[in-house]
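# What follows is a predicted protein model with its sequence.
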Amino acid sequence: MAGVTLFPCAFDVPCDAFACSKPARWFVGRHDGPLNLCFKLCQDCAASLVANIPQELLPQTTVSESSNEVPNQEQAEEAVQVEAQEEAAGLRNYICLKCGKAYASPQRLAAHMRACKAVPSHE
């Protein structure tokens, strides 16, 4: 099960990269998991990581014949802007995939999922 993403860090914690003591701005991990298991990165280290992603890990995209832009690039940019606005306004919801209840933080969602009656128990 994947789901590992970069998501904003709102806590005053140091970057986990070697020999970096700048304040972390990004978590690398799962939204619905415990934050102490996430890797923390400052803005510079996160930008360096993104800039140095190996070619084989990048998604394969096709270039439209009519233009040099990737198809749906405008939609992707719009989605990023909407997501940033929602996070800034505190409207970001984390929804349980089993019962559909929405929570304001990934920690609350994780706590709910442990006790959710709709989630089958592991035997």
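Noted; the coordinates are in hand. Given the structure is predicted, the values throughout are model-derived calculations rather than measurements. Residues are numbered from 1 along each chain as shown.
# For the chain, which segments are assigned as helices?
Counting by DSSP state H, residue ranges of the helices within the chain are 43-51, 73-89, 106-115.
# Going by mean pLDDT, which of the ones you listed comes out lowest?
For the helices of the chain, mean pLDDT drops lowest on helix 73-89, to a mean of 65.
# and residue 21, how many neighbours?
8 (other CB atoms under 10 Å). Every C-beta, even on glycine, is put in place using the N, C-alpha and C of the backbone.
# show me the contacts for it.
By CB atoms under 8 Å, 6 or more residues apart in numbering, the residues touching residue 21 are 14-15.
# rerun at 10 Å
14-15, 42 (CB atoms under 10 Å, 6 or more residues apart in numbering).
# Mind giving me the PyMOL command for buried ones among those residues?
With 16 or more other CB atoms under 10 Å as the criterion, this PyMOL line picks the buried residues out of those:
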select buried, resi 15+42
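# Switch the contacts of residue 21 over to a markdown table; also include distance to residue 102 and pLDDT.
Below are the contacts of residue 21 laid out as a markdown table (distance: CB to CB, whole Å; pLDDT from 0 to 100):
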| residue | distance to residue 102 | pLDDT |
| --- | --- | --- |
| 14 | 32 | 95 |
| 15 | 31 | 95 |
| 42 | 31 | 94 |
